[in-house]
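# give me the fold of what follows.
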Amino acid sequence: MTTTAPRQAAAAPPPPPAGPSAGRRLRALLLRQWRRLTAMRTAIVLLFLLALAAVPGSLLPQRSLSQNNVRQYLADHPDLGPWLDRLYLFDVFSSPWFAAVYLLLFISLIGCVVPRALEHARALRTPPPPAPRNLLRLPDSTELRVPAAPAAALDVVEEELRVRRYRVERREGVRGPELSAEKGHLKETGNLVFHLSLLALLLALAGGKLWGYEGSILVTEGQGFCNSFQQYDTYSAGPLVDSGDLSPLCVDLEQFTAEYEENLTAASFTADIRYGEPSAEGRPTTIGVNDPLRLDGDRVYVTGHGFTPCFTVEVPGGTSFEEVCAPFLPSDQQTLASEGALKLPDIPGREEQLALRGFFAPTGSMQGGLLTSVDPRPLAPQVALQAFSGYLGLDSGLPQSVYSLDASQIERGRLTEVGSANLAVGETMDLPDGTRITFSGVKEFAAMQLSHDPGQVWVLAAAITLLAGLLGMLLLRRERVFARADPGAGDGGTVLSLASLTRGGGESGSRFALLTDDLRTALASAAPARTASDPEVPPRD
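Model prediction:
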């Protein structure tokens, strides 16, 4: 009787290898995204997107430059304008999508250029690479048979290359003594300077936005303003700017002069101003549209102009207000026909408030019973006035424009029209309660903008170095030359193999041919005269 051993239970299969943990997968994902973001291809795409995003800023009016032009565009395009405003197309350079592209480009350039700069610094200290095994397979190559020892032939080649500012490295290779030389590291340096300058340019622009500010204001002749956020009509300031950081500067407008061509297009705008600190006597100067006042970090520009009609208001009882003026905003840039309002909330002797809404024509003409302007020059100033009496709502706490009346007050009947007239200079409109309004004259105003940008000098320096780096990147060549000296076949001479590699800068064949001719001449002058039995190996290109 035979017995059999009990069957052992089958061994359990080994557990499957554990996959990477969630943390490793997350790190791998972040690393892949970081490499994509810092790739040069991504930086080029982001730079293109930044340029594309800036296009609406040059085609559409921007609030930071002219609030009036934005209001006019919204009035001319009531359907399209609000949608463009929702997309920040009137505030392109302060929009969140422009800032996102700008920030991504900044990060991409840092992650791309800084490692390349470190690698380039190491390459500058690294000797040229050894010569390839078969030099004659390179695009530009040849062989020379010279009646000199290998070391002597390489000495001549080394001297000639050093004269041409090559870095030369001599080695003892497997196939004999050889030489490697290179130059043109400035091409890569120019490439890095270009990208680092672009990075510095973005950094300077960002610094100017963080520590910069600008304010716009309409200044009538004989008036002025000081650098204060409380005085500006509109202003914008960087997040790191405080009201105490503003420079102490005051500007007074003495006279504004506008000159026109025969076809009534503007030829020049000039403003005679005085400027200085609040407690000092102002210094006179003249500024224009393309000729701003330049101070230490501050610029005062003239961005536009218009007219300020002035009135004399006489109320019953003998109270008189003379030279009450209000700027009217141009509604037609070609003829400077303008619209505006004058608000008189506190008039002694009157219980109700008074307001004037008007249309001003520098050169007035009646067409179809309506006043219009035919010339931007103040040749025949006229104004079409509407007088309103009632409650202006200035103390309601709700903001309203100083250049127009609150339409809701008129709709509710809290402001009622009490008179209207077309007036030339010197003419008077009488209201039912005995109030007399006289159009006493007109002055000109200048739309002025004060800008403070601490990054302007850095932007200029970065732009200059960017251009220098671009020229170096485009005009310089990266060249390598290899030479190997093999002893001749029993004749005591040397077979000198030469080859060259060139990157950038156009054709390399002619440059290699010139180098070969110079080396042939130098080798011939350094060695004894050749005999007819020393044939030269024809070049192989």
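
# how about the secondary structure of the residue most central in space within the chain?
Most central in the chain under CA atoms, centre = their mean is residue 205, positioned 7.2 Å from the mean C-alpha point. Under DSSP: H, G, I helix; E, B strand; the rest coil, the three-state class of residue 205 is helix.

# is it in contact with residue 455, as I believe?
Yes: contact criterion CB atoms under 8 Å: residue 205 and residue 455 qualify, at 6.2 Å. (Glycine included, C-beta is placed from N, CA and C.)

# so what are the domain limits for the chain?
With domains defined by automatic domain parsing, the chain comprises 36-123, 130-183+477-526, 213-452.

# got the contact list for residue 187?
472, 473, 476, 477, 478, 503, 504 (CB atoms under 8 Å, 6 or more residues apart in numbering).

# check the residues you listed and tell me the two furthest apart.
472 and 503 (13.7 Å; CB to CB).

# who's more crowded, these two?
It is residue 472, of residue 472 and residue 503, that has more neighbours when counted by other CB atoms under 10 Å, with 18 against 13.

# which of the residues in the helix or strand harbouring the more buried one are classified as buried?
Using DSSP states H and E, the element containing residue 472 is helix 456-475. Neighbour-count burial for helix 456-475, counted by 16 or more other CB atoms under 10 Å, picks out 456, 458, 459, 462, 465, 466, 469, 470, 472, 473.

# what distance separates stretch 180-200 from the centre of its chain?
24 Å (CA atoms, centre = their mean, to the nearest Å).

# buried sites along it?
Result for stretch 180-200 [16+ other CB under 10 Å]: buried residues 180-184, 186-200.

# please apply the same query to stretch 274-290.
275, 282, 287.

# can I get the domains of the chain in TSV with distance to residue 22?
Shown next, in TSV, are the domains of the chain (distance: least, CB to CB, whole Å):
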stretch	distance to residue 22
domain 36-123	21
domain 130-183+477-526	45
domain 213-452	37
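
# let's have the ones you listed in JSON lines, adding distance to residue 25 and mean pLDDT.
Formatted as JSON lines, the domains of the chain follow (distance: least, CB to CB, whole Å; pLDDT from 0 to 100):
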{"stretch": "domain 36-123", "distance to residue 25": "17", "mean pLDDT": "84"}
{"stretch": "domain 130-183+477-526", "distance to residue 25": "40", "mean pLDDT": "83"}
{"stretch": "domain 213-452", "distance to residue 25": "37", "mean pLDDT": "89"}
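
# out of these, flag the one nearest residue 28.
Among those, domain 36-123 sits nearest to residue 28 (CB to CB), with 12.9 Å.

# what is the strand or helix carrying residue 118 packed up against?
Element membership for residue 118, per DSSP H and E: helix 96-125. Helix 96-125 sits against helix 22-37, helix 40-59, helix 185-211, with contacts defined as 3 or more CB pairs under 8 Å, 6 or more residues apart in numbering; DSSP states H and E.

# can you say which of the ones you listed is packed in most?
Of all the helices and strands packed on helix 96-125, helix 185-211 has the most neighbours on average by mean count of other CB atoms under 10 Å, namely a mean of 19.

# need the next SSE after that one, C-terminal direction.
Downstream of helix 185-211, the next assigned helix or strand under DSSP H and E is strand 213-220.

# for the next helix or strand along the chain from that following strand, buried residues please.
Next along the chain after strand 213-220, taking DSSP H and E as the criterion, comes strand 224-226. Across strand 224-226, burial judged by 16+ other CB under 10 Å covers 224, 225.

# what sits up against strand 224-226?
217, 219, 231-232, 248-253, 274, 278, 448.
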